[in-house]
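Peer 1: Provided below are the primary sequence and the corresponding predicted coordinates.
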Amino acid sequence: MAEDASQEVFIQLWRKIGDYSEQSKFSTWLHTVTSHITISYIRKQRGWVQRMFNIEDSSVANDVAEPSAGEVDIENYVTRLPERARIVFVLHAIEGYRHEEIAQMTNMAVGTSKAQFHRAKQLLEEWMGYA
């Protein structure tokens with residue numbers, strides 16, 4: 001999955017290089033674009049739901065990964081999160097960044113990152129019926 005995500009990042013960076021304006025450092029632009037592409041790619045993957053909520057029962061895991069008619073899938077739950085909570089959740093839970101790294105990337109305090117992650121996880125658990 002990492003190789004596929006990396007390949008997607010390189011393709012998209014090649015396409016978006018013309019969008020770079022010298023208003024910020026190239027490394028900052030590169031990191032931002034890479035993060036957004038990677039987050040989009042990983043959002044499409046569903047296996048992390050099982051890891052995130054420690055779902056053991058395969059029937060429950062299948063219900064979450066493949067919603068039945070009338071149910072909302074996990075991607076829709078994540079997109080419903082408040083923006084800052086969603087960003088922190090994706091960066092920490094899916095991409096595996098530490099809160100210190102997230103704080104630096106998003107210009108927020110480490111405590112704020114931890115609080116946003118906790119908020120996101122609580123909302124997702126509530127919406128998915130795990131609370």
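Peer 2: All right, it came through fine. Note that this is a predicted model, so its numbers are computed, not measured.

Peer 1: Which positions in the helix or strand hosting residue 115 come out as buried?
Peer 2: Assigning secondary structure by DSSP states H and E places residue 115 in helix 110-128. Across helix 110-128, burial judged by 16 or more other C-beta atoms under 10 Å covers 112, 113, 115, 116, 117, 119, 120, 121, 123, 124, 127, 128. In short, each C-beta sits where N, CA and C put it, glycine included.

Peer 1: what packs against it?
Peer 2: Helix 110-128 sits against helix 74-80, helix 83-89, helix 99-106, with contacts defined as 3 or more C-beta pairs under 8 Å, 6 or more residues apart in numbering; DSSP states H and E.

Peer 1: repeat that for 6 Å
Peer 2: helix 83-89, helix 99-106 (3 or more C-beta pairs under 6 Å, 6 or more residues apart in numbering; DSSP states H and E).

Peer 1: Pick the most buried one from those helices.
Peer 2: Among these, helix 83-89 has the highest mean neighbour count (mean count of other C-beta atoms under 10 Å), at a mean of 19.

Peer 1: before we move on, the earlier item: of the helices and strands packed on helix 110-128, which approaches residue 18 most closely?
Peer 2: For residue 18, the closest of those is helix 99-106, at 23.8 Å, according to C-beta to C-beta.

Peer 1: Tell me who's in contact with the residue positioned nearest the centre of the chain.
Peer 2: The structure's the chain has its C-alpha centroid closest to residue 90; by C-alpha atoms, centre = their mean the separation is 2.1 Å. Each residue near residue 90 by C-beta atoms under 6 Å, 6 or more residues apart in numbering is listed here: residue 39.
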